[in-house]
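J.: just coords:
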């Protein structure tokens, strides 16, 4: 290589190599100071893109875990409130059981006072239990909790309306006649000489009803007939509070006798779509006694319990003979054991020669619905007019040219009373149903809590592993970077030393000029 002063090729070469050591040193020092392997896209463009997507997923998983924990809090809030409601209903059930036994009116009044306070507490719990400022136990509440990083990755958690007014069985409703709605009580007065009806509960035909007695006794027969098929339509009936009246006053219901056998047609009464079938109300030459009619009706209904789901029984202390006092304390109550609706259908398919020919011209019948379902009477009444009185709200009663429909909804738990054995028995049913509803809600919430906890554990595991993968891409390896920095610093020191030597070469050329 030629010796030149104007251009120091050795120095230029040393400078170039020195600059090559500066870049790795700067990179190593940047990574060590920032703790990141990738500080800009130029460090690793593909790695940065992958790590960015991973970070999005990590952020989403973190929020999803927080959402799931919020869902846990919501469910636990509802469950805690329901626990207190169950405690109250258990006490109501105990008081109702106690009141249904032999107790004085004073004892029952004291029990009823406690029941009223317990109902007030149930209402307070429902109205004042809030989550994030919103009461939710007095309505059907449903929320979708986002527990994933993509759309529609949700868990639905919901609660039903568990207010006292939503639990129990109903004795009140509103009626409409000719399209006009008027508030009425459950008391209906039937005026006429013939009442023909075919009964269906939940689509099951329960066959012919007894009609050689008054409507009061017919209700007992219907109870027995209905309960025979509880297995099919899920309805249980009992009677606690009918009265026979002439106009508005109670009267004695005398039963007529028949020279021929009183035969009840098979198509007269249907429960839950199952016809109960025909039976003999009174044998030939016998007086059509209530005992005979009720016994035969009870047997006919209970013979088809497996088909209808209805079991018949009578709650009464009255001794039925050939005549009855209209003041007997009885009410027809249909209880759906499966929680489904109750449908009773009737039609005017029996003539004067049948067992329905001797219905009293005037009687009053009270009806109460059971469980979650309805009692629906559909069909035609012959020679029948309807007198409505009282006030209430609920379902509808419509009177047409040849048919009528009665729909009875649930009785509010607010109306619980244990002032009498009959009321206590109804309170027992309502408390049991309320407990069933709350236990079902708690079971659902418990299952959702397990899902949330499992989801949280899974999300935590996924987040941990995604974070580890991102760390391997983004984070600096201090051992490697320290070694790189040390190497680069030594190379730089060597380069500086060589550059200093290269810069002295022109000085040596001057020695040639001196000689």
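T.: Perfect, thanks for sending it. If you're wondering where the values come from, they're calculated on a predicted model, not measured in any experiment.
J.: okay, now the unreliable bits of the stretch 101-250 of the chain?
T.: Regions of the stretch 101-250 of the chain meeting the criterion pLDDT under 70 cover residues 102, 168-250.
J.: ignore what I typed, I meant the stretch 251-400 of the chain.
T.: 251-270, 272-273, 277-298, 311-400.
J.: one more time with 50, if that's ok
T.: Counting by pLDDT under 50, the stretch 251-400 of the chain has low-confidence residues at 251-261, 284-291, 315-400.
J.: burial check on residue 436, number of neighbours?
T.: Burial measure for residue 436: 15 neighbouring residues, criterion other CB atoms under 10 Å. No exception for glycine: its C-beta is placed from N, CA and C like everyone else's.
J.: name the element it belongs to?
T.: Taking DSSP states H and E as the criterion, residue 436 maps to helix 421-474.
J.: quick one: residue 62 from residue 462, how far?
T.: With distances defined as CB to CB, to the nearest Å, the gap from residue 62 to residue 462 amounts to 11 Å.
J.: which neighbours do these two have in common?
T.: Any residue near both residue 62 and residue 462 by CB atoms under 8 Å, 6 or more residues apart in numbering counts here, and not one turns up.
J.: if you count contacts, what does the helix holding residue 436 end up packed against?
T.: On a contact count with 3 or more CB pairs under 8 Å, 6 or more residues apart in numbering; DSSP states H and E, helix 421-474 meets helix 45-100, strand 154-159, strand 332-336.
J.: report the angle between that helix and strand 154-159.
T.: Angle of helix 421-474 versus strand 154-159, following axes from the mean of the first three to the mean of the last three CA atoms, to 10 degrees, is 160 degrees.
J.: beyond helix 421-474, next helix or strand please.
T.: As assigned by DSSP H and E, the chain's next helix or strand after helix 421-474 is helix 478-503.
J.: elements contacting the next helix or strand after that following helix?
T.: From helix 478-503 onward toward the C-terminus, using DSSP H and E, the following helix or strand is helix 505-514. Applying 3+ CB pairs under 8 Å, 6+ apart, one finds that helix 505-514 contacts no other helix or strand.
J.: buried sites along helix 505-514?
T.: Of the residues in helix 505-514, those scored as buried under the neighbour-count criterion (16 or more other CB atoms under 10 Å) are residue 506.
J.: what's it in contact with?
T.: The list of residues contacting helix 505-514 from outside it, by CB under 8 Å, 6+ apart, reads 3, 4, 5, 8, 10, 11.
J.: just put the residues you listed in CSV and tack on distance to residue 435 and secondary structure.
T.: Written out in CSV, the entries for those read as follows (distance: CB to CB, whole Å; DSSP: H, G, I helix; E, B strand; the rest coil):
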residue, distance to residue 435, secondary structure
3, 109, coil
4, 106, coil
5, 108, coil
8, 100, coil
10, 99, helix
11, 97, helix
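J.: before we move on, back to that, relative to helix 45-100, how tilted is the helix holding residue 436?
T.: Comparing the axes of helix 421-474 and helix 45-100 via the same axes, to 10 degrees yields an angle of 170 degrees.
J.: one step back: now neighbour count, distance to residue 89 and pLDDT too, for the contacts of helix 505-514, in a markdown table please.
T.: Conversion of these to a markdown table gives the following (neighbours: other CB atoms under 10 Å; distance: CB to CB, whole Å; pLDDT from 0 to 100):
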| residue | neighbour count | distance to residue 89 | pLDDT |
| --- | --- | --- | --- |
| 3 | 10 | 110 | 78 |
| 4 | 11 | 107 | 81 |
| 5 | 11 | 108 | 83 |
| 8 | 18 | 101 | 89 |
| 10 | 17 | 100 | 89 |
| 11 | 18 | 97 | 91 |
